[in-house]
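> make a model of this:
(chains A, B, C and D)
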Number of protein chains: 4
Amino acid sequence: MPLIDRTTSGVYIICATPFTETGALDLDSLDRLVDFYVGTGVTGLTILGMMGEADKLTPEERRAVIDRVMARTSLPVVVGVSDAGLGNLAALGLYAMEKGAAGLMVAPSKGSPREDRVIAYFHAVAGALGRDVPIVFQDFPQSTGIPVSSRTILELSADLPQMVMLKHEDCPGLTKITTLREAEATGAPRLSILCGNGGLYLPQELARGADGAMTGFAYPEALVETVRLWQEGKQAAAEDLFDRYLPILRHEQQPGWGLAVRKTVLMKRGAIACAATRAPGPRLTGTDVAELERLMGRLAKKLAKEV
Amino acid sequence: MPLIDRTTSGVYIICATPFTETGALDLDSLDRLVDFYVGTGVTGLTILGMMGEADKLTPEERRAVIDRVMARTSLPVVVGVSDAGLGNLAALGLYAMEKGAAGLMVAPSKGSPREDRVIAYFHAVAGALGRDVPIVFQDFPQSTGIPVSSRTILELSADLPQMVMLKHEDCPGLTKITTLREAEATGAPRLSILCGNGGLYLPQELARGADGAMTGFAYPEALVETVRLWQEGKQAAAEDLFDRYLPILRHEQQPGWGLAVRKTVLMKRGAIACAATRAPGPRLTGTDVAELERLMGRLAKKLAKEV
Amino acid sequence: MPLIDRTTSGVYIICATPFTETGALDLDSLDRLVDFYVGTGVTGLTILGMMGEADKLTPEERRAVIDRVMARTSLPVVVGVSDAGLGNLAALGLYAMEKGAAGLMVAPSKGSPREDRVIAYFHAVAGALGRDVPIVFQDFPQSTGIPVSSRTILELSADLPQMVMLKHEDCPGLTKITTLREAEATGAPRLSILCGNGGLYLPQELARGADGAMTGFAYPEALVETVRLWQEGKQAAAEDLFDRYLPILRHEQQPGWGLAVRKTVLMKRGAIACAATRAPGPRLTGTDVAELERLMGRLAKKLAKEV
Amino acid sequence: MPLIDRTTSGVYIICATPFTETGALDLDSLDRLVDFYVGTGVTGLTILGMMGEADKLTPEERRAVIDRVMARTSLPVVVGVSDAGLGNLAALGLYAMEKGAAGLMVAPSKGSPREDRVIAYFHAVAGALGRDVPIVFQDFPQSTGIPVSSRTILELSADLPQMVMLKHEDCPGLTKITTLREAEATGAPRLSILCGNGGLYLPQELARGADGAMTGFAYPEALVETVRLWQEGKQAAAEDLFDRYLPILRHEQQPGWGLAVRKTVLMKRGAIACAATRAPGPRLTGTDVAELERLMGRLAKKLAKEV
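Predicted coordinates:
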């Protein structure tokens, strides 16, 4: 299996985890969802991220998700392994690598709110995984509560050759991309930078040097096309395309609640059988669904007009 | 001067506070800015809010801003008076009311993170201001760190007849509007609900029963037209118009940093002489400005096409 | 097995989870630790709490801890079952009850920062566990980030007959005890209140109506004696005794770091074989250990003098 | 006036700000309070800190406090000048220095949660004050919400010769003192370290190399004697003395609420006329006062026995 590296680019879609109405893992829907993602042209998949509700899965369920996804696609798969315990993190991570994962995604541990502790923690993570395992640093302070300076990321990138990628979702975070790219221009080792936050600032992020997106927007083809057009130098076309999706993208990108929106879109697009999140999790009311259908309808009309 | 009440609707623009490059209050620009806002058709102004950098002004400067704005416009003016001390809050608030303010905006105090304390605090605020002063409850947990349940807002609304308006900027917050409106349908007293967050979800908020916007987007005419069209029943037209502005609106709506974007747009539109925020505050680099100019250019082209 | 109820009092010791130097679960030490706790005269045990590092244990390990402790003691055992997922919480909780637990401890979920959500969450928890399972509400905002008003606790206590106990560790929190007891005096159903925070304010908490302690101080006999003397009406004697332990108690009660202190004391007292916490967790340096030994030595001398 | 420097040691008492029952500044009590502090043998005073309710004072009131305290004592006075705006910070700071202050205390600004921003902010502060003004870095993440690594403090200490002192109140924070002193042993410039948190860990902090205390415990003589005995090499005597005060010290050291306890003790000791804090602030009930009197009575008895 190919591994991610410091030049990886494109779209790694953050994979939702489908459940039945009663909260059971729905592995058939997972197959269908993987096919759906692959069909949109994504470069790879990221499973068991925060939006994958990994913290509500048992270790067996996490392994079942890994097995199923790996069996279904030959695209590179990054596996989220953040965990309160380093031992559990490493056990799941090594399992995933053995099964053919392309790399592992880790966020700073809640127990490490100071930046010196973030640095120590990632050294410990790297030590526990071994030096051959590619690591993605997930920089998501809105969720972890841990702000991380560019210099900390640069120091880790220099110290740990295996920390090859930044999942960038600090917000506001455009300046951070520029700072990192400027540092690389004067000697720091290059990081692959894929951006999250639902893709809300994707064109600006690409303009500042990001390599693509790693996020879970339920219209992955929009991310794929935006990145493709951009990389072909067609920046205005990329932005035009992106802007058509922006109304529904910004609706889906509401922290916490948006996951229920995303799963409902995926269900309506036929990618999963049921939109349920595991409890405690958001659930759409009739009002919410009608509102979403209106946004989906407006998008469909706009796309039809373009053809 | 007319006071805000529980039926107030429209757009109350959150007024930036202009400074010179060295950080001095620029009252001439404030005149110009008020004229600019009035020219866009806003219903009223809200001054000395968080985006007005009120916490960096001395009490004298706050009073100078009040005086100047009141002298410049006959539109209703809401004055933000949040303060660590209740005495200072009341002193400024009573000054503003005497000068003709239409109401006062208050956020829960940092010292009151529990909802029973939020309730006690607003009773104390009401007591200090007297019962004739209309109060706007600013519900902005992303900034205050204090989440507030719908039931707390409803209880305060029922207990304090003078708490006539909610500045709604909890996020995700669409459900909250629906919850409040449903409670009102079964007997709770009506609140005016004006929405913040830069207007990022304005059409959805209007659909759920909001009365308009209270936010500082640097293209106030977009907020004004969206609300007007909506209130005339032209919902699709309202959304079409809103969507054209969405790319730059979502760029401006980056917490903290976005204020520098907003002030730069206001400067480029001729509304203020200088985009500086007071230190410590965000400041755009050349890269940031070029990025913004690109977004402004794209908007201008799109608007030109529509005509 | 007896269940906890609304009149439960005494000392429920928060049980540490012993590991070997390499991080493996040390079940032999767990036996020894249970014997040690029982030998100090505690009323019951609470296992798998936050200080039990439950979030670093796999589900199998959690069940192994439950099995082992239940097999070792006939004292009532409360089991901490807080979990990001409600399904996993219920599965572990029902397992524990089947094995003879006296009740289950639950903290508000990170996904429920608003008090209306806390209320909805505990209703969901109660529904998932069934109405016969006694629940302890763990009120620990310093760790959960979720402040909870007295009225929310009272409402849950009234609505959920099975929510029989408050683990009180809000801080400052003395007023909260008084507020709850006053509400009970005018009709609210009685809650058992056991206090945490290492016991730092235990005499004051008892004076305000607490029924005892639920915390993990490594000298449980101090908690036991303080509560016993207090309940016998010997308040001055209780405080005198408590004060002798206060220097080391306040040293152990340093959030996060203190767990390493506590486990080192337990090791030095022969209760466990190894003081290691699971990574990422605190670990004492030579300086830290010398400092602790000095405090232990001072305590020993003081106790010797009393005899 | 003598300035603080990198060798400053002793006890700088954090000075409460006395108000009348109606919330007016009580300057006569301030005189009395200064005399009281001086009478306990403190080395210096720190005014307008967080516990001095500085954020509830107008700029005029802050200057009035500075003037009054400077006129009353010849001891060195550090002035807290933290402010949301850098301009206001500098204006008050330069006023204080002109009036003879020994140095200025500054905490990281709320707008700078990342450590690279903390560094940039203190460079800006130093620039605004000029290089001759001694600065105390207040490291109090429990209040500011901004965790700061030792390396950040060391970098600032090296870059800014005028940043001569650390007000240490990170918690747990004992390791931080050791880390800083070890760095100094291998070449980093020495910082004066005075400790806060009410003095809760003072003997341990002294043992690790702190130079004394900067905190507001209402029995300053306990801090003075502890430090004095320690510096004379009488460590056991220092701890014995400290431990006698610990029960009431830990009662006073309850975040937020404890200020009302502290002011009540100061009032009962005759140092101020009224214990009121400015609204919104804590206020003791009859139960609270009786509880405190009990603790004060126990201390008095213990001290009487020693004589």
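
> helix or strand: which one has residue A:136?
strand A:135-139 (DSSP states H and E).

> next SSE downstream of that strand?
Next in sequence after strand A:135-139, counting helices and strands by DSSP H and E, comes helix A:141-144.

> what about chain A, any weak spots by pLDDT?
Within chain A, the segments meeting pLDDT under 70 span A:1, A:112, A:307.

> scan it for its longest helix.
Longest helix of chain A, by residue count under DSSP state H: helix A:286-306.

> contacting residues for residue A:194?
Neighbouring residues of residue A:194 by C-beta atoms under 8 Å, 6 or more residues apart in numbering or on different chains: A:8-9, A:11-12, A:165-168, A:210-214. (Glycine included, C-beta is placed from N, CA and C.)

> which one (most neighbours) among the residues you listed?
The residue in the contacts of residue A:194 with the most neighbours, by other C-beta atoms under 10 Å in any protein chain shown, is residue A:12 (36 neighbours).

> correct me if wrong: that one contacts residue A:216.
No. Contact criterion C-beta atoms under 8 Å: residue A:12 and residue A:216 do not qualify, at 9.9 Å.

> circling back to that earlier point, does chain B sit close to the longest helix of chain A?
Yes. Counting by C-beta under 8 Å from any C-beta of the partner chain, chain B has neighbours in helix A:286-306: A:287, A:288, A:291, A:298.

> list the helices and strands the host helix or strand of residue A:176 packs on?
Element membership for residue A:176, per DSSP H and E: helix A:174-185. Counting contacts by 3 or more C-beta pairs under 8 Å, 6 or more residues apart in numbering or on different chains; DSSP states H and E, helix A:174-185 packs against helix A:150-159, strand A:163-168, strand A:192-195, helix A:202-207, helix B:286-306.

> which residues does that helix contact?
Under C-beta under 8 Å, 6+ apart, the answer for helix A:174-185 is A:139, A:150, A:153-154, A:166, A:168, A:170, A:188, A:190-191, A:193, A:195, A:201, A:204-205, A:208-210, B:254, B:257, B:285, B:287-288, B:291.

> would you mind getting the angle between it and helix B:286-306?
Going by axes from the mean of the first three to the mean of the last three C-alpha atoms, to 10 degrees, helix A:174-185 is angled at 130 degrees with respect to helix B:286-306.

> off-centre distance for helix A:174-185?
Its chain's C-alpha centre and that of helix A:174-185 lie 21 Å apart, by C-alpha atoms, centre = their mean, to the nearest Å.

> which residue comes closest to residue A:86 once chain neighbours are left out?
residue C:279 (3.9 Å; C-beta to C-beta, 6 or more residues apart in numbering or on different chains).

> wait, the one you found sits on residue A:88?
No. The pair residue C:279 and residue A:88 fails to qualify as a contact (C-beta under 8 Å) at a distance of 10.3 Å.

> ok, how many other residues are close to the closest residue in space to residue A:14 that isn't next to it in sequence?
The shortest distance from residue A:14 to any non-neighbouring residue, by C-beta to C-beta, 6+ apart, is to residue A:216 (3.5 Å). Residues within reach of residue A:216, counting by other C-beta under 10 Å, total 28.

> looking at the helices and strands packed on helix A:174-185, which one is packed in the most?
strand A:192-195 (a mean of 27; mean count of other C-beta atoms under 10 Å in any protein chain shown).

> only the C-alpha atoms, please, for that strand, written as PDB.
Coordinates of each C-alpha in strand A:192-195 appear next as PDB, following Å, rounded to 0.1, in the frame of the first residue of the first chain:
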ATOM      1  CA  SER A 192       1.900  18.300   3.000                       C
ATOM      2  CA  ILE A 193      -1.000  20.600   4.100                       C
ATOM      3  CA  LEU A 194      -4.600  19.400   3.700                       C
ATOM      4  CA  CYS A 195      -7.300  21.600   5.000                       C
END
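
> paired strands for that strand, with orientation please.
Counting by DSSP bridges, the strands paired with strand A:192-195 are strand A:163-168 (parallel), strand A:212-215 (parallel).

> can you pull the contacts of the residue nearest to residue A:14?
Residues near residue A:216 by C-beta under 8 Å, 6+ apart: A:13, A:14, A:15, A:16, A:49, A:51, A:198, A:262.

> next one: residue A:282
Contact analysis of residue A:282 by C-beta under 8 Å, 6+ apart lists A:256, A:257, A:259, A:260.

> most surrounded residue in these?
Each of the contacts of residue A:282 was scored for neighbours by other C-beta under 10 Å, and residue A:260 scores highest at 23 neighbours.

> pretty sure that residue sits against residue A:279.
No. When contacts are counted by C-beta under 8 Å, residue A:260 is not listed as touching residue A:279 (11.9 Å).

> can you redo the contacts of residue A:282 as a markdown table with distance to chain D and secondary structure?
Below are those laid out as a markdown table (distance: C-beta to the nearest C-beta, whole Å; DSSP: H, G, I helix; E, B strand; the rest coil):
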| residue | distance to chain D | secondary structure |
| --- | --- | --- |
| A:256 | 21 | coil |
| A:257 | 24 | coil |
| A:259 | 26 | helix |
| A:260 | 29 | helix |
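
> and those residues near chain B, which?
Applying C-beta under 8 Å from any C-beta, the subset of these adjacent to chain B comprises A:256, A:257.

> which of the contacts of residue A:282 lies closest to chain B?
Among the contacts of residue A:282, residue A:257 lies closest to chain B (C-beta to the nearest C-beta), at 3.8 Å.

> quick check: which element contains the closest residue to the closest one other than its chain neighbours?
Residue nearest to residue A:257 in three dimensions, not counting chain neighbours: residue B:172, with 3.8 Å by C-beta to C-beta, 6+ apart. Assigned by DSSP H and E, residue B:172 belongs to no helix or strand.

> enumerate the positions of the helix or strand encompassing residue A:236 that are buried.
Of the helices and strands defined by DSSP H and E, residue A:236 is found in helix A:235-252. Judged by neighbour count (16 or more other C-beta atoms under 10 Å in any protein chain shown), helix A:235-252 contains these buried residues: A:235, A:238-252.

> I'd like the distance from that helix to the chain centre, please.
Relative to its parent chain, helix A:235-252 has a centroid offset of 18 Å by C-alpha atoms, centre = their mean.

> briefly note if stretch A:49-64 comes near chain B.
No. With C-beta under 8 Å from any C-beta as the criterion, chain B is not reached by stretch A:49-64; the gap is at least 14.4 Å.

> that stretch and chain C in contact?
Yes. Part of stretch A:49-64 sits near chain C under the criterion C-beta under 8 Å from any C-beta, namely A:53, A:55, A:56, A:57, A:58, A:59.

> could you list every residue that touches the residue in the stretch 101-250 of chain A positioned nearest to chain B?
Nearest to chain B, among the residues of the stretch 101-250 of chain A, is residue A:172, at 3.8 Å (C-beta to the nearest C-beta). Residues in contact with residue A:172 (C-beta under 8 Å, 6+ apart) are B:254, B:255, B:256, B:257, B:258.
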